[in-house]
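# please work out how this folds:
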Amino acid sequence: MKTTIYKNTKIAFTDQGKGTTIVLLHGFLENQAMWKAFVPELSKKHRVITIDLLGHGETECLGYVHTMEDQADMVHHVLHELKIRKAVFAGHSMGGYIALAFAELYPDNVKGLFLLNSTSRADSDERKINRDRAIVAVKQNYTNFVRMSIANLFSENNRERLGEQIEKVKLEALKTPLQGIVAALEGMKIRKDREVILHFAPYPMQLVLGKNDGVLNYDDNLGQIENTKVELITFPDGHMSHIENQEELLKVFLRFLKRV
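All right, here's what the predicted structure looks like:
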């Protein structure tokens, strides 16, 4: 892990390989370790940057609310430090929201957008209420909240099959500080709708969804790519395609990289 300082805050990242740059952005309660099964293959022909987002992994908290714009500005700082001007961005869930915020703020720096179990749409009113409930719940019982949250990300029929891996994901999630969890929930709750990017961005884009995703309703998310050039890939499982559909996802992503 390498580090840099952004607004007096330590940011942790990795930098491997040579070639077209790929920036991998993890999701809520995750850290850059979520990509470790993918980096060895991706870094054979590409420069791969993974970043611990604000309040996650080894990156410190910047404040009590981490907006998607705050996160995108931090990512831009890391790329600027590394003298990287253009990159392909892949984001899982919250990482996708941040990739979209980056695409809005720094359109000239984006070469392609790969959204994994993510959406361009803002939180619905119901979802905002659920974020507030989550903030109360994590303050009341941190460990229970984290463990339950992770289990719910996997489709029901995978919870037993992938029990060992799910336990590892939970242990990684438990490294996330309370402040980081709350700041991310507050930031996701107030994020903007960025569906317009899917309609007008000039670079290749792909959306990967899970048919049985308990976090992002599959049918609700199809509407955002109607009349766009965004390519849709559907897996039969839950919100954690990088674990539930690991081998297939790597093939899909490598195929996408040939288009950019």
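# contacts and neighbour counts: CA atoms only from here.
OK.
# Ile11 falls within a helix, correct?
No. Secondary structure of Ile11 (DSSP: H, G, I helix; E, B strand; the rest coil): strand, not part of a helix.
# which pLDDT value goes with it?
As predicted, Ile11 sits at a pLDDT of 98.
# next one: Gly187
Note for Gly187: predicted pLDDT of 98.
# was I right about it contacting Val65?
Yes. Contact criterion CA atoms under 8 Å: Gly187 and Val65 qualify, at 5.6 Å.
# can you get me a residue count around Ser241?
For Ser241, the count of nearby residues is 24 (other CA atoms under 10 Å).
# dump the residue contacts of the residue in the chain sticking out farthest from the centre.
The centre of the chain is farthest from one residue, Gln140, which by CA atoms, centre = their mean lies 25.9 Å away. By CA atoms under 8 Å, 6 or more residues apart in numbering, Gln140 lies in contact with nothing.
# just Ala87 next, same as before
By CA under 8 Å, 6+ apart, the contact set of Ala87 is Thr20, Thr21, Ile22, Val23, Asn109, Val110, Lys111, Gly112.
# do the same with Gln179
Gly55, Cys61, Tyr64 are the contacts of Gln179 under CA under 8 Å, 6+ apart.
# returning to what we had before: and which of the contacts of Ala87 is nearest to Lys2?
Using CA to CA, Val23 is the member of these that lies nearest Lys2, at 14.8 Å.
# just the element for the closest one, please.
Applying DSSP states H and E as the criterion places Val23 in strand 20-25.
# pull the CA atoms of the following helix or strand past that strand into PDB?
With elements assigned by DSSP H and E, the helix or strand that comes after strand 20-25 is helix 39-42. Provided in PDB are the C-alpha atoms of helix 39-42 (Å, rounded to 0.1, in the frame of the first residue of the first chain):
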ATOM      1  CA  VAL A  39      -5.600  -7.300  -9.900                       C
ATOM      2  CA  PRO A  40      -3.100 -10.000 -10.900                       C
ATOM      3  CA  GLU A  41      -4.900 -10.600 -14.200                       C
ATOM      4  CA  LEU A  42      -5.800  -7.000 -14.900                       C
END
